[in-house]
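[1] below is the sequence, then the predicted model.
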Amino acid sequence: MIAKARAVEKCGDEPSRLVIQRDDELQTGLIKGLVVTTDALYTYRRWCAWIHVLGAYYIVFVKKNTPVLYQNLEDFFGDADILKHECDYFKKVQKGHGRLETREIWTSTQLSTFLEKEWAGVAQIYMIRKTVVKKGEKTVTLRYGMTNISRGKANAERMLEWRQNHWHIENRLHYRRDVILGEDACQVRINKAPEVLAALNGGILALMDFLGVKNVAKQMRHYAAKPRESLQLLCGALSRQHG
C-alpha cells in the first residue's frame with residue numbers, strides 16, 4: 001500500500017516515466033528537480049516552501065480551504081480580457097465511453113510577484129475548465145491552481161499534461177483501492193489487520209494488472225461467482241508459469 005500518494009515526475013526537456021513516492025520518501029528530501037503534484041490537501045504555505053527550498057517543483061490545486069488565495073485566482077481568471085490577452089492557453093479534446101471531454105487550461109505569470117510574498121517561489125497560476133457532454137447533458141467544472149515552475153520550463157500544454165497524469169494516478173490507484181476494494185469504508189482497526197488487508201488489496205490489484213484486467217469490479221464479481229476458476233488460476237496457470 002502506498003498511502004497518500006502524489007504524482008512525481010522529472011522536470012526536464014523530455015517527459016519521464018511517472019512514478020509514485022511515499023510520504024517517507026518525500027521526507028528524505030531527495031526530490032531535487034522533481035515535479036510533485038498534489039490535491040488541495042497540501043496547499044499550505046509551509047509545504048510549498050519546503051518543496052521549493054529542496055529544489056523541487058510543486059503543482060497544487062487551490063480550493064476554498066484557502067479562501068483568500070482562491071478568491072484572488074477566481075477574480076483574476078474571471079476577466080475575459082485577461083484570458084484572451086495575458087494567458088498561455090491549450091485545449092485538449094478526448095472522446096470515449098459515450099462522452100466527449102474538453103479540457104482547457106489558461107496559465108499566467110501576472111500574479112507571481114504578488115503571491116510570492118506568502119507562497120514561496122510561485123511562478124505561475126492556472127485555471128482548468130473541463131467540459132463533459134454525455135447523453136446530451138453538459139457539465140462544466142473549473143479548477144484553479146499554482147506552481148513554482150516557470151513558463152520557460154512548462155507551458156500550458158505541459159501543465160495540463162502533468163495535471164492529467166495526477167488524475168490518472170488518482171483514478172487508477174486510489175479509486176480502485178478506496179471505492180472498488182472498499183478501503184475507505186473498512187472499519188477493521190485490530191492490531192496489524194489494516195496493514196495486512198492493504199497488502200492483500202495491493203496483491204489483488206497487481207494480479208489484475210498482470211492479467212490485463214480493465215474492469216476490476218467486474219472481474220472480482222466473476223471470480224466470486226466462480227471460486228474454482230480463481231483457485232485454478234492461482235494454483236495452476238500462474239504457478240506453472242512462474243515456478
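    Received it, and whenever you're ready, just let me know what you need.
[2] list the buried residues of the helix or strand containing E101.
    In the assignment (DSSP states H and E), E101 maps to strand 99-108. Neighbour counts over strand 99-108 (16 or more other CB atoms under 10 Å) mark T102, R103, E104, I105, W106, T107, S108 as buried. C-beta here means a position set from N, CA and C on the backbone, and glycine is covered the same way.
[3] quick check: of those, which lies closest to K153?
    K153 lies nearest to T107 out of those, by CB to CB, at 11.9 Å.
[4] test my guess that A198 contacts E183.
    Yes. At 7.0 Å, A198 and E183 qualify as touching, with contact defined as CB atoms under 8 Å.
[5] for the host helix or strand of G202, packing partners?
    Assigned by DSSP H and E, G202 belongs to helix 193-210. Helix 193-210 is packed against helix 216-225, with contacts defined by 3 or more CB pairs under 8 Å, 6 or more residues apart in numbering; DSSP states H and E.
[6] which secondary structure state does F90 sit in?
    Counting by DSSP: H, G, I helix; E, B strand; the rest coil, the backbone at F90 sits in strand.
[7] for it, give its distance to T109.
    Here F90 is placed at a distance of 15 Å from T109 (CB to CB, to the nearest Å).
[8] same thing with I82?
    From I82 to T109 the distance is 12 Å (CB to CB).
[9] name the helix or strand for the residue nearest in space to the middle of the chain, please.
    The centroid of the chain falls nearest to H166 when counting by CA atoms, centre = their mean (2.3 Å). Assessed by DSSP H and E, H166 sits inside helix 156-169.
[10] OK, contacts around the nearest residue in space to R129 that is not next to it in sequence?
    Of all residues not flanking R129 in the chain, E104 sits nearest, at 4.7 Å (CB to CB, 6 or more residues apart in numbering). The contact partners of E104, taken as CB atoms under 8 Å, 6 or more residues apart in numbering, are Y89, F90, K91, K92, I128, R129, K130, T131.
[11] how near is E104 to I190?
    48 Å.
[12] quick one, phi psi at L54?
    Dihedral pair for L54: phi -80, psi 0, per degrees, to the nearest 10.
[13] thought R143 was touching F61?
    Yes. Contact criterion CB under 8 Å: R143 and F61 qualify, at 6.1 Å.
[14] the more surrounded of those two?
    F61 (22 against 16; other CB atoms under 10 Å).
[15] quick check: beta-bridge partners of that one?
    G145 (DSSP bridges).
[16] contacts only, for it.
    So F61 contacts T38, D39, A40, T43, R143, Y144, G145 (CB under 8 Å, 6+ apart).
[17] so which of those residues are in strands?
    Among the contacts of F61, the members found in strands (DSSP state E) are R143, Y144, G145.
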